[in-house]
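Asks: Model the structure of this input:
(chains A and B)
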There are 2 protein chains.
Amino acid sequence: MTEPLRLGIAGLGTVGAGVVKIIRQKANLLTARTGRPVVITAVSARSKDKDRGVNLSAYAWEDDPVALAKRDDVDVFVELMGGADGPAKAATEAAIAAGKDVVTANKAMLALHGQELAIAAENAGRVIRFEAAVAGGIPVVKALTEGLAGNQIERVMGVMNGTCNYILTRMQSTGLPYDQVFEEANQLGYLESDPNLDVGGIDAGHKLALLASIAFGTQVAFDGVDLEGIGQITIEDITQAADMGFRIKLLGVAQMTARGLEQRMSPCLVPADSPLGQLEGGTNMVVIEGDHVGQIVLRGAGAGEGPTASAVMSDVLDIARGIRVCTFGQPAKTLECAKAAKSTTPAPYYLRMDLHDKPGALAKIATALGEAGVSVDRMRQYGHEQTSAPVLIVTHKTTRDSLDIAIKSFAATGVLASNPVTIRIETV
Amino acid sequence: MTEPLRLGIAGLGTVGAGVVKIIRQKANLLTARTGRPVVITAVSARSKDKDRGVNLSAYAWEDDPVALAKRDDVDVFVELMGGADGPAKAATEAAIAAGKDVVTANKAMLALHGQELAIAAENAGRVIRFEAAVAGGIPVVKALTEGLAGNQIERVMGVMNGTCNYILTRMQSTGLPYDQVFEEANQLGYLESDPNLDVGGIDAGHKLALLASIAFGTQVAFDGVDLEGIGQITIEDITQAADMGFRIKLLGVAQMTARGLEQRMSPCLVPADSPLGQLEGGTNMVVIEGDHVGQIVLRGAGAGEGPTASAVMSDVLDIARGIRVCTFGQPAKTLECAKAAKSTTPAPYYLRMDLHDKPGALAKIATALGEAGVSVDRMRQYGHEQTSAPVLIVTHKTTRDSLDIAIKSFAATGVLASNPVTIRIETV
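Replies: Numbering: from 1, shown residues only, chains lettered A, B, ... in the order given. Now for the predicted structure:
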């Protein structure tokens, strides 16, 4: 096939402009690699007049992304508007109905509507590809869908929100409290307009749900993700964790268990000297464990114009080359409905609490833990304040349920001066 | 397409047996992912009677791999025999001539004959895929060919020989000399029957040449790889490098420069706290730098039954799914003939030498370096032996040529008690 592949691009923010630049600058290289020219025929965005640093005069302009999606001179609809619903979804549906392939960076739309969109596309003989929706420039969707397709996937983990990782590593390196570093990140423009998408773990949870669908052959189930953001992480926990050889990361973990699909996106302790523990700033990392391949670690920039545009282009170039893979790696109608399971996979836990500084307080904690079957790996009582005694405990592997029973039990004795902090320690 | 994809597998060593196991154990999973059954119809190996831990009775047996490659009931010829020439090449050529696709793990064959084989396959409308030939289970060929296809690749680096990395990390952790650890590795069965393939850097050089071809759109040019093995690395260098915050790795680096394609496979110093520096034992790592995506790091097991069979399966499943990509990412006839360039990219260097312990010796070194334009970052004279003074120097960035001029110049003054050791420090 040597006719040009014609793109219609909706959304000309950072990523959209990046895609336009690549296509303009690299025409020869892209043609050499795919065997056919890749061209833009039409674009759409909110404001026609905004200066985006790229010359758009050669492309037809559409105010309405739905109109763009339906154009006869568009083969692939490139959706870079964002938003789970609204224009992005309407235009994607219109594109599929009009027989176009779709490339999107929209994790929210696919995490919430991926199943229905994939079914629609597959019924129409079209593909929806979304490499740019997960972990920026890291070709992780391709690695999981194609590169490791001979494996039963056992676990997928990842640090997939650069803003949260920036905040956590910055707290660690400066000793500044969460609120102050959050404000810094805000000033630097690192946060989404709704910051809870970042720090609440929602954005990273969307990404995890997409990877879990491919990994386990299940329908994407964002509502099955156990979500916990980083807003409760204090500088004290970061410092104490570091003292014991750990780092705190907003870590996503998906694994299939006998009870169902576990998906967690929550702050976890990981060993400071592990690849995940060493991840600084906005870099992303995804760890995939397969029954034959063992552990594969992928690392790269999780956001930004170049990396995200690179991922969009990999999907576009796949389509130009005739590579057509189902959205979630197998036909959407064959994906099983995942049974969400609360996390029961045992793990060690980090536990920090303030006790009223009275004789016997520590004994009550130890007794309650023992009675709940939680055994203690390390316990440390440190620098007293006036009336309460801070205590740190690292448990051996236990279930969240056993730990909750122990906490409830020692809370009832009145020894706690504040709510205890519990953070899972993930084995990586 | 729902007819079975029929494989003929030649070579039933560790990897071949691993592939057979995956196909037998995972029939349903593979069919779900590709939409069609993947079956083995015939196999071939040197000995029919050897127990390989898998039941081969359902498959036709061929003593001659060429006969296997031509069978009417084979769609894909899976070449796992190894060897650059001989039966592997003859059978691959026969398979292509008979209209079969080829999946191979044979880095030597492709590094030496990849261009002619790819041309033959493309003329016949067939594909040759080789994910398993480079870095074991890491899906790096796919990442480079497809996942990062929107980038101009700037540099590809990698630790791609697990045996060498085992030897170097084991020397570091035990303080044992090279010969002793080499013998250990030999006893453990880690070495090829010709150990020079491993420790001479040839195997890793083959892999680098294959990645360079994809990265830069050039014909695979193994003879353009500047090869240096690890046999000259002493425990003293490993210890001194560690003291200064470095690790020694057998590192491959390929980059396109104005003067041509630089390909080096040689011992290098890398920062101990970099991803490459932290790589232990048999694990492989490939670092790819693209103009848009920035730096992508891929890490995983570089050898072994499961990881290598996983890579073979990814190629097989691609073919089952109808994914057909040129061997080196673009039609072989469009690959440019690479102009091999001696490495001129400046780098800091590590320099260790013994000086005759006479007044003025160090001054002569410093003068010679200065006259050649090589500036010194750090210099250290340490624990004297009887008659000679060991000296360590880390230079600022310089070219290999300038360094050689300096060495020649101070060697001529007669201050050296032994040949100096120079190791490039790679910026990672």
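
Asks: What's the end-to-end length of stretch A:294-308?
Replies: 27 Å (CA to CA, to the nearest Å).

Asks: any idea how far that stretch is from the chain center?
Replies: What separates the centre of stretch A:294-308 from the centre of its chain is 11 Å, taken as CA atoms, centre = their mean, to the nearest Å.

Asks: in terms of contact, does A:Asn161 touch A:Gly201 like I think?
Replies: Yes: between A:Asn161 and A:Gly201 there is a contact at 7.3 Å, judged by CB atoms under 8 Å. Bear in mind the C-beta positions are built from the backbone N, C-alpha and C, glycine included.

Asks: neighbours of the residue nearest to A:Glu426 when sequence neighbours are not counted, just the number please.
Replies: What sits nearest to A:Glu426 in space, not counting adjacent residues and going by CB to CB, 6 or more residues apart in numbering or on different chains, is A:Cys268, at 4.3 Å. Neighbour count of A:Cys268, defined by other CB atoms under 10 Å in any protein chain shown: 26.

Asks: cool, and A:Leu227?
Replies: By the measure other CB under 10 Å, the count of residues near A:Leu227 is 17.

Asks: try A:Asn106
Replies: 27.

Asks: One more: A:Arg52?
Replies: A:Arg52: 17 surrounding residues under other CB under 10 Å.

Asks: Contacts only, for it.
Replies: Neighbouring residues of A:Arg52 by CB atoms under 8 Å, 6 or more residues apart in numbering or on different chains: A:12, A:16-17, A:20.

Asks: which residues do A:Asn161 and A:Gly201 both contact?
Replies: A:Leu250.

Asks: more neighbours, these two?
Replies: More neighbours surround A:Asn161 than the other of A:Asn161 and A:Gly201, with 32 against 28 (other CB under 10 Å).

Asks: Against A:Leu208, how distant is A:Asn354?
Replies: I think there's a mix-up here, since residue A:354 is Asp and not Asn. Plainly put, A:Asp354 is 33 Å away from A:Leu208 if you go by CB to CB, to the nearest Å.

Asks: Please say which of those two ends up with more neighbours.
Replies: A:Leu208 (30 against 18).

Asks: quick check, the helix or strand that that one is a member of touching chain B?
Replies: With secondary structure defined by DSSP states H and E, A:Leu208 is part of helix A:202-216. No: using CB under 8 Å from any CB of the partner chain, helix A:202-216 never reaches chain B; the gap is at least 9.7 Å.

Asks: That helix: what's the following helix or strand?
Replies: With secondary structure assigned by DSSP H and E, helix A:202-216 is succeeded by strand A:225-227.

Asks: From the rest of the structure, what touches that following strand?
Replies: A:200-202, A:205, A:208-209, A:262-266, A:342-343.

Asks: Give me the distance from it to the chain's centre.
Replies: For strand A:225-227, the distance to the chain centre is 12 Å (CA atoms, centre = their mean).

Asks: Can you give the distance from the next helix or strand after it to the centre of its chain?
Replies: Per DSSP H and E, the first helix or strand lying C-terminal to strand A:225-227 is helix A:235-243. Put simply, helix A:235-243 sits 24 Å off its chain's centre (CA atoms, centre = their mean).

Asks: any bit of helix A:235-243 sitting next to chain B?
Replies: No: against chain B, helix A:235-243 shows no contacts by CB under 8 Å from any CB, the least distance being 15.8 Å.

Asks: List the buried residues in that helix.
Replies: A:235, A:237-238, A:240-241 (16 or more other CB atoms under 10 Å in any protein chain shown).

Asks: just stretch A:172-192 next, same as before
Replies: Neighbour-count burial for stretch A:172-192 flags A:172, A:176, A:178, A:181-182, A:185, A:190-191 (criterion: 16+ other CB under 10 Å).

Asks: Also stretch A:414-428?
Replies: A:415-417, A:420-426, A:428.

Asks: List the ones among those that fall in strands.
Replies: The members of the buried residues of stretch A:414-428 that map onto strands under DSSP state E are A:421-425.

Asks: which residues does A:Gln330 contact?
Replies: With contact taken as CB under 8 Å, 6+ apart, A:Gln330 is in contact with A:217, B:32-33, B:35.

Asks: And the helices in chain A?
Replies: If you assign secondary structure with DSSP state H, the helices in chain A sit at A:14-25, A:27-34, A:65-70, A:86-97, A:107-123, A:140-142, A:162-174, A:178-187, A:196-199, A:202-216, A:235-243, A:305-321, A:361-371, A:400-411.

Asks: The first one versus helix A:27-34: what angle between them?
Replies: Per axes from the mean of the first three to the mean of the last three CA atoms, to 10 degrees, the angle that helix A:14-25 makes with helix A:27-34 is 90 degrees.

Asks: cool, the last one as well?
Replies: Here helix A:400-411 points in a direction 110 degrees away from that of helix A:27-34 (the same axes, to 10 degrees).

Asks: buried residues in helix A:400-411?
Replies: In helix A:400-411, counting by 16+ other CB under 10 Å, buried: A:400, A:402-403, A:405-407, A:409-410.

Asks: As a quick check, tell me the outermost residue of chain A.
Replies: Centroid-distance maximum for chain A: A:Pro359 at 45.6 Å, with CA atoms, centre = their mean.

Asks: measure A:Gln330 to B:Ile323 for me?
Replies: 14 Å.

Asks: correction: A:Lys333
Replies: The gap separating A:Lys333 from B:Ile323 is 21 Å, by CB to CB.

Asks: residue contacts, the residue nearest the centre of chain A?
Replies: By CA atoms, centre = their mean, chain A has its centre lying nearest to A:Ala204, at 2.8 Å. Residues near A:Ala204 by CB under 8 Å, 6+ apart: A:158, A:160-161, A:164, A:250, A:252, A:265.

Asks: Tell me which two of the residues you listed sit farthest apart.
Replies: Spatially, the most separated pair among the contacts of A:Ala204 is A:Gly158 and A:Cys164, at 11.8 Å (CB to CB).

Asks: out of the two, which sits in the busier spot?
Replies: Shown here are A:Gly158 and A:Cys164; by other CB under 10 Å, A:Gly158 has more neighbours (30 against 27).

Asks: Residues in a beta bridge with that one, which ones?
Replies: According to DSSP bridges, the residues that bridge with A:Gly158 are A:Gly252, A:Val286.

Asks: Roughly how far does it sit from B:His292?
Replies: 21 Å.

Asks: The contacts of A:Arg52 into TSV, with extra columns for distance to B:Ile365 and neighbour count?
Replies: Formatted as TSV, the contacts of A:Arg52 follow (distance: CB to CB, whole Å; neighbours: other CB atoms under 10 Å in any protein chain shown):
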residue	distance to B:Ile365	neighbour count
A:Leu12	59	23
A:Gly16	57	26
A:Ala17	53	20
A:Val20	55	23
